[in-house]
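1. heads up, no residue letters with this:
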């Protein structure tokens, strides 16, 4: 393969070239919206319309499937549900071929795909997967302190101290103990804690 740079003057605006530009980790292989699963209780499941991204080697695809009813292969057990796309860059006869692959042994299809989740027909439940992008970074620097939900914690009244011996009488509040990482409520009286 010859060295290439996209996009330069004269490069074709083809599905293959766009796919290669979009095919990047950390922004692909997840459900962006919709594509919810639910068990219908009759050996089928409903998959709602939505939007997903699928990474296939060096190419990335943005997929917008319509809602559909899916036939389950195991009406008394767990069914693994995949969104699959049939892409052939040498012909235009297979454009927009989206399918849903269902199996009972969690074997992905050979086509480019994304696992959407499982439907447990015996329990009548659905579990969705790949709802957020994965991230792999060489280095990550935080410029703000955030809680697990992404909310800023720098002004939420939690004071960091080295350990519990640094707590002082008359100063009640929430404290983060740096030696253990625990956040504790201190009532302001060292004789009762």
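-> Alright, I've got the coordinates. The model shown is predicted, which means the values in this text are computed figures rather than measured ones.

2. which one is residue 167 nearest to, not counting chain neighbours?
-> residue 186 (5.1 Å; Cβ to Cβ, 6 or more residues apart in numbering). Every C-beta, even on glycine, is put in place using the N, C-alpha and C of the backbone.

3. Now do the contacts for that neighbour.
-> Contact analysis of residue 186 by Cβ atoms under 8 Å, 6 or more residues apart in numbering lists 167, 171-175, 193.

4. Quick one, grab the pLDDT at it.
-> pLDDT, residue 186: 72.

5. what pairs with it across the strands?
-> residue 173 (DSSP bridges).

6. What separation do you get for residue 101 and residue 69?
-> Separation of residue 101 from residue 69 (Cβ to Cβ, to the nearest Å) stands at 15 Å.

7. Name the residue in these two with the higher neighbour count.
-> Just comparing residue 101 and residue 69: by other Cβ atoms under 10 Å the higher neighbour count belongs to residue 101, 19 against 11.

8. So for that one, what's the pLDDT?
-> Model confidence at residue 101 (pLDDT) stands at 95.

9. isn't there a helix covering it?
-> No. Assignment of residue 101 by DSSP: H, G, I helix; E, B strand; the rest coil gives strand, placing it outside any helix.

10. Please, a PyMOL command that selects the buried ones among the contacts of residue 186?
-> Selection of buried members from these for PyMOL, criterion 16 or more other Cβ atoms under 10 Å:
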select buried, resi 167+175
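
11. Quickly name whichever of the contacts of residue 186 is closest to residue 74.
-> Nearest to residue 74, judged by Cβ to Cβ, of the contacts of residue 186 is residue 174 at 49.3 Å.

12. so what's that closest one scoring on pLDDT?
-> 72.

13. how near is it to residue 182?
-> The value you get for residue 174 to residue 182, if Cβ to Cβ is used, is 11 Å.

14. show me the contacts for the spatially most central residue of the chain.
-> Closest to where the C-alpha atoms of the chain average out (Cα atoms, centre = their mean) is residue 132, at 2.1 Å. Residue 132 makes contact with residue 30, according to Cβ under 8 Å, 6+ apart.

15. tell me the secondary structure for it?
-> With three-state DSSP as the basis, residue 132 sits in coil.

16. Same question for residue 110.
-> Here residue 110 is recorded as coil under three-state DSSP.

17. show me the contacts for it.
-> Contacts of residue 110 by Cβ under 8 Å, 6+ apart: none found.

18. can you map out the strands along this structure?
-> Assigned by DSSP state E, the chain shows strands spanning 30-34, 37-39, 44-47, 50-56, 59-63, 68-71, 78-86, 97-103, 113-120, 125-128, 158-161, 173-177, 183-186.

19. Which of those strands sits closest to residue 10?
-> strand 59-63 (20.8 Å).

20. which of the residues in the closest one are buried?
-> Applying 16+ other Cβ under 10 Å to strand 59-63 flags 59-61, 63 as buried.

21. returning to that earlier point: how close does the residue nearest to residue 167 sit to residue 162?
-> Taking Cβ to Cβ, one finds residue 186 at 14 Å from residue 162.
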